[in-house]
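In: Here is my input; please provide its structure:
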Amino acid sequence: MAPRATCTTVIAAAAGLLLGASFFFQMAAATGDDGQGRYNAMFNFGDSLSDTGNICVNKSATAQLLLTFTNPPYGMTYFGHPTCRCSDGRLVVDFLAQSLGLPLLPPSKLSGADFRKGANMAIVGATALDFEFLKSIGLGYPIWNNGAINVQLQWFGDLLPRICGGTPQTCKPYLAKSLFVLGSVGGNDYNAMLFFGFTVDRARSYTPNVVDNIAAGVERLIELGAVDIVVPGTLPIGCYALYLTMLPSSNKSDYDEHGCLRPLNDLAVYHNALLQDRLGGVRARHGSAVRVMYADFYTHAADMLRDPARFGFTTAVTACCGAGGGAYNYEFDARCGMKGATACKDPWSHESWDGVHPTEAVN
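Out: Next up is the predicted model:
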């Protein structure tokens with residue numbers, strides 16, 4: 001029987017979700033010469049690092065009892081109550097929308113929402129690989145069937161009549177003046193493999209498939225009319241409490257000087273290198289007609305983990321919300337939002353909210 005999975009076990013490891021400097025440089029041009037906002041809207045695709053409610057709206061996708069992040073203390077910092085975000089407050093996508101003068105993105109499955117200024121297709125448990133592919137390699141567990149990238153692209157296509165009229169003539173000009181964020185995604189593909197028995201080397205053998213699907217998603221957005229597309233890489237997953245607790249190694253040499261698992265971080269580095277190569281191919285095919293921007297989550301997250309004090313934090317790996325104390329404060333059966341878990345009083349001093357997702361202060 002497969003182990004039960006929740007928000008904190010089905011998504012990419014997350015902390016230090018600062019967008020890469022190159023991305024911020026590009027975003028500096030987000031306001032036109034006339035002082036008006038450059039973008040009509042923003043559209044986001046991804047997993048729980050950026051899900052603003054789809055997993056809760058789309059309840060048929062998962063068992064309600066797994067939604068621990070719908071319980072306090074999630075949302076305590078900014079919203080004052082749980083909002084279906086896997087954090088104590090806002091996510092990167094929220095800060096980005098606010099910085100661009102756009103409203104917080106409504107989940108795409110929210111009935112009656114106005115999507116003309118943006119929509120969020122991200123959903124907890126999302127993968128880059130299609131569910132049928134995961135089934136073909138023995139990973140056909142329902143938790144991985146919430147909404148792969150191709151499914152999210154279908155959701156977006158279904159919204160186009162409500163966003164811009166639904167025809168290429170009306171939509172392409174509108175989408176050309178919108179910002180698209182595709183990811184971070186891919187972490188759940190590795191979670192599906194690593195938490196269900198694959199070795200790191202076996203998981204690595206599927207990395208080309210993972211990044212090819214991400215690149216194909218970028219191509220699909222360009223076909224629809226997207227011009228500005230941000231594609232974040234994955235994170236140093238070997239440095240986060242969930243992985244350090246659930247995938248420990250008896251080999252001391254597997255840990256680096258910061259206590260991170262080298263094989264997992266090497267997997268993330270390989271993923272990011274291949275992803276950048278594939279994105280380079282997309283740029284070569286389309287030239288100056290589009291801007292495909294890679295956001296280097298890994299480097300910034302690693303910097304914060306190695307020297308938290310430099311960024312104003314007192315702890316890096318230890319979860320603010322969790323149970324068990326110790327170096328990680330993470331217990332699978334007492335995760336944040338569950339009985340037995342408690343939250344720290346100062347989440348702004350922690351990088352990790354629940355052992356895998358970042359605090360609002362990091363976002």
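
In: partners of the closest residue to R291 other than its chain neighbours in the sheet?
Out: Spatially, and ignoring its direct neighbours in sequence, R291 is nearest to D228 (5.0 Å; Cβ to Cβ, 6 or more residues apart in numbering). (Glycine included, C-beta is placed from N, CA and C.) With beta bridges defined as DSSP bridges, D228 has these partners: L179, R291.

In: got a list of what D228 touches?
Out: If you count contacts by Cβ atoms under 8 Å, 6 or more residues apart in numbering, D228 has them with Q26, Y39, S178, L179, F180, V290, R291, M293.

In: helix/strand/coil for F69?
Out: The three-state label given to F69 by DSSP: H, G, I helix; E, B strand; the rest coil is helix.

In: where does it land on pLDDT?
Out: pLDDT, F69: 89.

In: Can you give me the distance of it to L267?
Out: The gap separating F69 from L267 is 25 Å, by Cβ to Cβ, to the nearest Å.

In: how far away is D114 from A41?
Out: D114 is 10 Å from A41, by Cβ to Cβ.

In: higher neighbour count, the two?
Out: The residue with more neighbours, out of D114 and A41, is A41; 23 against 12, by other Cβ atoms under 10 Å.

In: Show the contacting residues for that one.
Out: A41 sits in contact with L102, F115, R116, K117, G118, A119, I163, Y174, S178, L179, where contact means Cβ under 8 Å, 6+ apart.

In: Select from these every entry located in helices.
Out: I163, Y174 (DSSP state H).

In: In ChimeraX, how would I select the buried members of the contacts of A41?
Out: The buried residues among the contacts of A41 can be selected in ChimeraX (16 or more other Cβ atoms under 10 Å) with this line:
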select :102,115,117,118,119,163,174,178,179
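
In: got the contacts of A41 as a markdown table, with pLDDT and distance to I214 columns?
Out: Shown next, in a markdown table, are the contacts of A41 (pLDDT from 0 to 100; distance: Cβ to Cβ, whole Å):
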| residue | pLDDT | distance to I214 |
| --- | --- | --- |
| L102 | 95 | 24 |
| F115 | 96 | 23 |
| R116 | 94 | 27 |
| K117 | 96 | 25 |
| G118 | 97 | 21 |
| A119 | 97 | 19 |
| I163 | 94 | 23 |
| Y174 | 95 | 24 |
| S178 | 97 | 19 |
| L179 | 97 | 17 |
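
In: Identify the residue nearest N40 in space, chain neighbours excluded?
Out: K177 (4.7 Å).

In: give me the number of residues near the one you found?
Out: Neighbours of K177 using other Cβ under 10 Å come to 14.

In: Just confirm it contacts M42, I think it does.
Out: No. K177 lies out of contact with M42 (Cβ atoms under 8 Å); the separation is 10.9 Å.

In: Please report the distance of the most centrally placed residue in the chain from L275.
Out: What sits nearest the mean C-alpha location of the chain, by Cα atoms, centre = their mean, is L49, with 3.2 Å. With distances taken as Cβ to Cβ, L49 is found 15 Å from L275.

In: S205: neighbour count?
Out: Neighbour tally, S205, other Cβ under 10 Å: 11.

In: What of H286?
Out: 15.

In: Check S352 too.
Out: 32.

In: Tell me the confidence at it?
Out: Note on S352: pLDDT of 95.

In: how close does it get to L153?
Out: 31 Å.

In: these two touch, right, I229 and A289?
Out: No. Between I229 and A289 there is no contact under Cβ under 8 Å: 11.8 Å.

In: So between the two, which is more surrounded?
Out: I229 (23 against 10).

In: Please name the nearest non-neighbouring residue to that one.
Out: F180 is the one closest to I229 (Cβ to Cβ, 6+ apart), at 4.5 Å.

In: Same question for L110.
Out: V57 (5.3 Å).

In: And the pLDDT for that neighbour?
Out: The model's pLDDT for V57 equals 85.

In: Quick check: D189 vs F196, distance?
Out: Taking Cβ to Cβ, one finds D189 at 11 Å from F196.
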